[in-house]
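>>> can you look at this prediction? I've put the sequence above it.
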Amino acid sequence: MAELAGSDVLDPDWVPPVIDTSVAHPARMYDYYLGGKDNYAADREAAEKVLAVLPEARAMALANRAFLGRAVRYLARAGVRQFLDIGTGIPGPGSTSETAHEVAPDAHIVYVDNDPIVLTHARALLAADSPGLTTVVQADLRQPDDILSHPKVREVIDFDRPVAVLLVAVLHFIRPEDEPAVIVERLKQNLAPGSYLVVSHGTGDFDPRRSEAAVRGYDKATAPFVVRDLKEVSGFFDGLDLVEPGVVQLPWWRPDGDVPEGSERIWLYAGIGRKTGS
């Protein structure tokens, strides 16, 4: 498992893993929706198939990035100084570390992703960040124990103190047979009281027919897109105290101002839960 940390950045002789650019990857498709340049023909082709049936997909990606910013600012202002961002995707403006450090310059962040392209962008991410405060680890959400026990994660995150676990737009890439609820429960079990769980997740609740058609755009990607209903998404927070307003359609989670026109077509749920007790 490849990793890099804080001031180490990357070994100068490190060679990035081979990246298969012939197969669409959800992280690179997301980058395309956001207007980024870190994507390839296969990613753009798959993304355009989604946009053909769901033009709102680009607005959904932008709204999700805005939610990430609101969530991280809320947590940093609440005193959280440790962030474990799993499935972070390709670093870009408004990242967890950038946002957290605007509020709390001493915050520690660990990014976790299973896509090797994340490592190829890690130099720029860490060079622009505060040395020693940000770590990037290649690992897979489907193996939470590998994340929790990873030595580089343990160097940065003290699990005896509150930590925010961010699962932003990543659980909908976990197949039912991989038991996403079990994965999330395993992560929650290892959190100290005062910790938080952040989730955003795609849903088919609002237009099942169009959602199903859009999901097919991921059929040839490295991971499927699995929509879940409100009950399923809310279930990820079982045992936690939900932060107001609870699990809601994403634009309505503590908006900075008026909810933008057309937000009813942002088909993602979002919420934050806090762990209490001993």
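Sure thing, it's come through.
>>> residue contacts, residue 244?
Contact analysis of residue 244 by Cβ atoms under 8 Å, 6 or more residues apart in numbering lists nothing. All C-beta atoms are positioned from the backbone trio N, CA, C, and that covers glycine.
>>> separation between it and residue 54?
Distance, residue 244 to residue 54, by Cβ to Cβ, to the nearest Å: 30 Å.
>>> next: residue 213.
In terms of Cβ to Cβ, residue 213 sits 7 Å off from residue 54.
>>> what about the two, which has more around it?
With neighbours defined as other Cβ atoms under 10 Å, residue 213 and residue 54 compare such that residue 54 has more, 20 against 15.
>>> three-state assignment of the nearest residue to that one once chain neighbours are set aside?
Leaving aside its sequence neighbours, residue 54 sits nearest to residue 214 (Cβ to Cβ, 6 or more residues apart in numbering; 3.9 Å). Here residue 214 is recorded as helix under DSSP: H, G, I helix; E, B strand; the rest coil.
>>> go on, residue 48?
Applying three-state DSSP: residue 48 is helix.
>>> pLDDT score for it?
Per-residue pLDDT puts residue 48 at 94.
>>> then the one 5 residues further on?
For residue 53, the pLDDT comes out at 89.
>>> and for residue 56, the neighbour number?
Residue 56 has 18 neighbouring residues, counting by other Cβ under 10 Å.
>>> isn't it right next to residue 264, touching?
No - Residue 56 lies out of contact with residue 264 (Cβ atoms under 8 Å); the separation is 10.0 Å.
>>> as PDB, could you dump the C-alpha coordinates of stretch 84-98?
Provided in PDB are the C-alpha atoms of stretch 84-98 (Å, rounded to 0.1, in the frame of the first residue of the first chain):
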ATOM      1  CA  LEU A  84     -10.300  11.700   8.100                       C
ATOM      2  CA  ASP A  85     -11.500  12.300   4.500                       C
ATOM      3  CA  ILE A  86     -12.200   8.900   2.900                       C
ATOM      4  CA  GLY A  87     -12.700   8.800  -0.900                       C
ATOM      5  CA  THR A  88     -11.500  12.400  -1.200                       C
ATOM      6  CA  GLY A  89     -10.900  12.100  -5.000                       C
ATOM      7  CA  ILE A  90      -8.700  14.500  -7.000                       C
ATOM      8  CA  PRO A  91      -7.600  17.500  -4.900                       C
ATOM      9  CA  GLY A  92      -9.000  20.800  -6.000                       C
ATOM     10  CA  PRO A  93     -10.100  24.200  -4.800                       C
ATOM     11  CA  GLY A  94     -12.300  24.000  -1.700                       C
ATOM     12  CA  SER A  95     -10.600  20.800  -0.500                       C
ATOM     13  CA  THR A  96     -11.000  19.700   3.100                       C
ATOM     14  CA  SER A  97      -7.500  20.800   4.100                       C
ATOM     15  CA  GLU A  98      -7.900  24.200   2.500                       C
END
